[in-house]
Structures are given as C-alpha cells and as structure tokens.
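[1] with the sequence up front, the predicted model follows.
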Amino acid sequence: MNSLIKLELTRALRNRKFLFFSVIYPSALFLLIAGSAGGTDKVDGTGLTVATYMMVSMASFGALTAVLMGNSERIAKERESGWVRQLRLTTLPGRGYVIAKTASAAVVSLPSIIVVFIVAATVKDVRLDAWQWLALTGAIWAGSLVFAALGVAIGYMASGDAVRPITMITYFGLSMLGGLWMPATTFPDWLQSIAKWLPTHAYAALGQAIEQSQSPHAKDVTLLVVYFALFAGGAAWLYRKDTLKA
C-alpha cells in the first residue's frame with residue numbers, strides 16, 4: 001500500500017493543472033476578494049476583518065479543491081479504464097486503494113492551506129498568535145477528510161463521462177452556498193438558514209472560531225462528523241457494490 005501511496009503522490013505532484021487549481025487558484029481568489037479591502041474593514045456579524053475572514057475561507061476552499069476534485073475524477077476514470085480491477089488481482093486490500101487516494105489528496109491539500117496563509121500574512125498583514133496558525137492548519141487539514149470521503153463516493157457513483165459535471169456542480173454549489181466565496185452573512189435570511197446546515201459552512205466556521213480565540217461550536221463539529229459518517233458510509237457501500245459488479 002505504501003508503494004501505491006507514493007505513486008499517487010507522484011502523479012498528483014506532476015499534474016500541473018491540478019496543482020494550479022488546488023494551490024495557486026485559492027490564493028489568487030483571496031487577493032481578488034480581499035485585495036481591495038482595508039485593513040480594518042470587518043465582515044458583519046463576525047468581528048473579523050475581511051482579510052482574516054477570507055483567509056480561512058480560501059484556505060478551506062483550496063483544501064476542498066484538492067481532496068474533492070482530485071479524488072472523484074481519478075477514481076471514476078481508473079474504474080472505467082480497468083486499473084481498479086487490476087489492483088483487485090493483487091494482494092492490495094480493497095481499503096488500501098481508498099486510503100491511498102485519500103492520503104495523497106490530503107498531502108496535496110496541505111500546501112494549498114499554507115500558501116494562502118503566507119499570502120495573507122505577507123500581502124494583507126494578517127497577524128495571529130503562533131497557536132492559532134497551528135490550530136488553523138490542523139483544523140482545516142483534518143476537516144478536509146469530510147470532502148475527501150465525498151470525493152471517493154462520487155468517484156464510485158459516477159461514470160468517467162458523468163463524474164466531471166457532477167463534481168463541478170457539487171464543488172461550486174458547496175463553495176458558494178457554504179459561504180466560502182463570500183460571507184454567508186450577506187445572504188438573504190432564507191439562504192443563510194440553508195447555508196448553516198451545509199458542511200462547507202461548518203468547515204469554515206472551525207477556522208473562524210480559532211481566529212476569534214474561541215472553541216469551535218459544538219453544532220459545527222457535530223455537523224462535520226455526521227457528514228463524514230454519511231459520505232464515508234456511502235463511499236464504502238458504493239465500493240462494495242462496484243466490487244460485486246467486477
């Protein structure tokens with residue numbers, strides 16, 4: 001399994017298009033959205049400056065891009081090409097393939113988080129305590145596993161032709177409605193009520209609580225745990241279903 005993880009990492013790091021969208025793109029969006037905001041401009045209802053708020057949002061968006069986009073399309077295409085079927089003929093346990101995909105995506109998601117932090121600190125002068133930087137990195141990185149599980153589920157659910165539109169709709173829908181591209185406090189009341197139950201909203205809220213020197217809200221943590229259980233359970237069921245069809 002270690003060999004497969006190394007192979008997946010090598011493939012991901014050689015994919016320049018994937019690296020651009022998961023590492024460079026979130027930082028560019030951060031500069032586009034927060035670049036014109038003043039250092040003291042705050043997001044209503046949060047007490048955070050625009051730069052600080054969007055830093056967490058874009059770091060979360062970058063990690064989401066790495067684990068969701070990376071997993072779903074590759075798994076669907078490898079199933080269609082017969083690569084997954086060939087791996088089943090080896091001694092690799094079934095869970096090893098899923099773990100390798102998740103591990104490689106998680107490793108690639110870390111640079112996307114760190115690069116956004118560096119850009120925010122150097123360009124927009126975002127300043128936090130050392131423990132906050134470490135806690136933010138850990139919370140956003142760990143929270144990305146929820147979407148890694150979703151990526152695996154989509155990869156086993158969709159065919160090679162259908163996986164991209166399904167992933168893109170899910171990706172942009174969760175990003176926009178969850179408040180990653182713009183503060184959810186700017187939404188109409190009815191849309192805010194929906195956003196509060198989405199995993200992306202709870203995901204970003206973890207980092208925002210840390211920036212405010214607070215503990216993450218129990219509701220947000222519970223939501224992420226529930227979503228992870230649903231996505232991981234769905235991925236496991238779809239994997240077994242795919243195995244029986246092979």
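    Structure's in. What do you need?
[2] C-alpha only now, for contacts and for neighbours.
    Noted.
[3] distance between stretch 103-116 and the chain's centre?
    Centroid separation for stretch 103-116 versus its chain: 9 Å, with C-alpha atoms, centre = their mean, to the nearest Å.
[4] mean confidence for it?
    For stretch 103-116, the mean per-residue pLDDT is 82.
[5] what about residue 134, how many neighbours?
    10 (other C-alpha atoms under 10 Å).
[6] doesn't it belong to a helix?
    Yes: assessed with DSSP: H, G, I helix; E, B strand; the rest coil, residue 134 lies in a helix.
[7] please enumerate the strands of this structure.
    Applying DSSP state E to the chain gives no strands.
[8] residues in contact with the residue nearest the centre of the chain?
    Compute the mean C-alpha point of the chain, and by C-alpha atoms, centre = their mean the closest residue is residue 64, 1.7 Å away. Neighbour list for residue 64: 109, 144, 147, 148 [criterion: C-alpha atoms under 8 Å, 6 or more residues apart in numbering].
[9] surely the first one touches residue 62?
    In other words, residue 109. Yes: applying C-alpha atoms under 8 Å, one finds residue 109 in contact with residue 62, separated by 6.9 Å.
[10] coming back round to it: which two of the contacts of residue 64 have the greatest separation?
    Based on C-alpha to C-alpha, the longest span within these runs between 109 and 147 and measures 11.3 Å.
[11] quick one, longest helix in this protein?
    Taking DSSP state H as the criterion, the chain has its longest helix at helix 94-123.
[12] so which elements touch it?
    Helix 94-123 sits against helix 2-14, helix 25-34, helix 50-64, helix 70-81, helix 130-157, with contacts defined as 3 or more C-alpha pairs under 8 Å, 6 or more residues apart in numbering; DSSP states H and E.
[13] as TSV, those with distance to residue 204 and mean pLDDT would be great.
    As requested, those are exported to TSV (distance: least, C-alpha to C-alpha, whole Å; pLDDT from 0 to 100):
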stretch	distance to residue 204	mean pLDDT
helix 2-14	25	60
helix 25-34	14	89
helix 50-64	6	92
helix 70-81	20	75
helix 130-157	8	91
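[14] export these to TSV and tack on distance to residue 214?
    Below are those laid out as TSV (distance: least, C-alpha to C-alpha, whole Å):
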stretch	distance to residue 214
helix 2-14	35
helix 25-34	23
helix 50-64	15
helix 70-81	32
helix 130-157	10
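[15] return the most buried member of the ones you listed.
    Each of the helices and strands packed on helix 94-123 was scored by mean neighbour count; the highest is helix 50-64, a mean of 29, by mean count of other C-alpha atoms under 10 Å.
[16] give me the angle between that helix and helix 130-157.
    Calculated by axes from the mean of the first three to the mean of the last three C-alpha atoms, to 10 degrees, helix 50-64 forms an angle of 40 degrees with helix 130-157.
[17] what about residue 149, distance to residue 226?
    According to C-alpha to C-alpha, to the nearest Å, residue 149 stands 12 Å off from residue 226.
[18] any residues in contact with both of the two?
    What both residue 149 and residue 226 touch, as defined by C-alpha under 8 Å, 6+ apart, is an empty set.
[19] related to what we said a few turns ago, just tell me which of the helices and strands packed on helix 94-123 ends up closest to residue 105.
    helix 70-81 (6.5 Å).
[20] wait, residue 158 touches residue 78, no?
    No: the pair residue 158 / residue 78 is not scored as a contact, 11.7 Å apart, by C-alpha under 8 Å.
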